[in-house]
Structure formats: structure tokens, C-alpha cells
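Q: got a predicted structure here, sequence first:
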Amino acid sequence: MPRRPRRGCAASGCPRLAVEGGQYCEEHQRLAVQQYNKHTRSPDTNKKYGRAWKRIRDRYATAHPLCERCLKEGRLTPVEEVHHILPISQGGDHRESNLMSLCQSCHTKIHLEMGDRQIRS
């Protein structure tokens, strides 16, 4: 059975043929893999956020069912996320004194204020 003809590279303006079974030429394939891997979590993430964290998070959310930030402003909003007041990356831990139950909106606002997230347009 004849093979399917190779396609052109999917990178804009690239005149080369894509590697067999892929959509990019060798050069752009390497760049695409680097770009993809740039956004992966570090290997020790599961040590920080594994099954134990899920149990801690669920227990805390059950004990604090309303968004703590909204509650201070007089709104009753159900909890959607549990936030570390001092992030794990900066030496925080999973102790209850370092946790805060938040709705999605308040959690996003906190991270925007911290400067570790940007507004996407």
C-alpha cells in the first residue's frame, strides 16, 4: 500500500516538509516541544499537591463552606477553592492556619494582587 504524501510544515511561512506522522518540520517540532514543556509543572508538584492535599482541601472546604473574603463583605458565596495564604513555593504549608476558603472570583483577585497571574484579553 502506498504511503500518504508528506505535508508542508504547519509553522507559518515554513517551506519545509513535516516529519512523517507530525505537523511540523524537524526544527519547528523541536520548538513546539520546548514551548509545550515550558508550561508543565515541576516534577515535585505531586509531592506538594498529591492525594493528601486533596483530603486536606476537602476537609477545610467542608469546615468553611463559604468564601471567607466575601463573608467579610457581607456576601454569602459558596467555597470553590482553598487558597494558601503563604504559597507553598515561598515556604508555606498545608496547616489550617495557612489556608483560606475562597470563591473563584476572590481567588483570581488575590493572585492578580500578588502579581503571579495576568488578565488575558
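A: Looks like it came in fine.
Q: just to check, L102 is in contact with E80?
A: Yes: between L102 and E80 there is a contact at 7.1 Å, judged by C-beta atoms under 8 Å. Where you see a C-beta, it was placed from the backbone N, CA and C, and this is true even at glycine.
Q: between these two, which is the more surrounded one?
A: Neighbour tally, L102 and E80, criterion other C-beta atoms under 10 Å: the higher count belongs to L102, 24 against 14.
Q: residue contacts, the more buried one?
A: Listed by C-beta atoms under 8 Å, 6 or more residues apart in numbering, the contact set of L102 reads 67-69, 79-83, 110.
Q: I56 too?
A: By C-beta under 8 Å, 6+ apart, the contact set of I56 is 82, 94, 99.
Q: which ones among these map onto strands?
A: Counting by DSSP state E, the contacts of I56 place 82, 99 in strands.
Q: select from the contacts of I56 the one having the most neighbours.
A: Tallying neighbours with other C-beta under 10 Å puts L99 at the head of those, with 22 neighbours.
Q: all the strands of this structure, in order from the start?
A: Assigned strands in the chain, in chain order: 81-84, 99-102 (criterion: DSSP E).
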